[in-house]
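**Student:** Based on what follows, work out the 3D shape:
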Amino acid sequence: MEFTLDTTLGEILDEPQAAAVLDKYLPGASDSPIVAMAKGMSLKMLLALPQAKQLGLTEDKAEKLLADLNKQVDKKR
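**Tutor:** Purely as a prediction, here's the structure:
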């Protein structure tokens with residue numbers, strides 16, 4: 001599975017190594033109750049929210065996160 005901006009947080013968190021990469025870019029995100037409520041939202045949907053920037057999620061950071069996710073998860077397969 002390739003991770004894209006249309007990938008939901010739930011799909012990312014379902015992959016143990018992907019959850020670790022998410023925490024690298026957004027520390028504590030995999031254990032956050034707020035993220036747990038947003039599991040059905042895609043990264044694209046999250047980026048559209050004003051709160052995304054407050055949490056440190058920018059489009060640039062999301063692109064770097066996706067590149068890292070796809071590289072790390074591919075290594076494990």
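
**Student:** Might one say that residue 69 is in contact with residue 1?
**Tutor:** No: shown here, residue 69 and residue 1 do not form a contact pair, counting by Cβ atoms under 8 Å, at 9.9 Å. For glycine as for every other residue, the C-beta is placed from the backbone atoms N, C-alpha and C.

**Student:** Find residues that contact each of those two.
**Tutor:** Shared between the contact lists of residue 69 and residue 1 (criterion: Cβ atoms under 8 Å, 6 or more residues apart in numbering) there are no residues.

**Student:** the more surrounded of those two?
**Tutor:** Relative neighbour count places residue 69 above the other of residue 69 and residue 1, with 25 against 13, counting by other Cβ atoms under 10 Å.

**Student:** Need the contact partners of the strand or helix carrying that one.
**Tutor:** When elements are defined using DSSP states H and E, residue 69 is found to belong to helix 59-76. Under the contact criterion Cβ under 8 Å, 6+ apart, helix 59-76 has outside partners 1-5, 7, 12, 15, 17-18, 20-22, 24-26, 43, 47.
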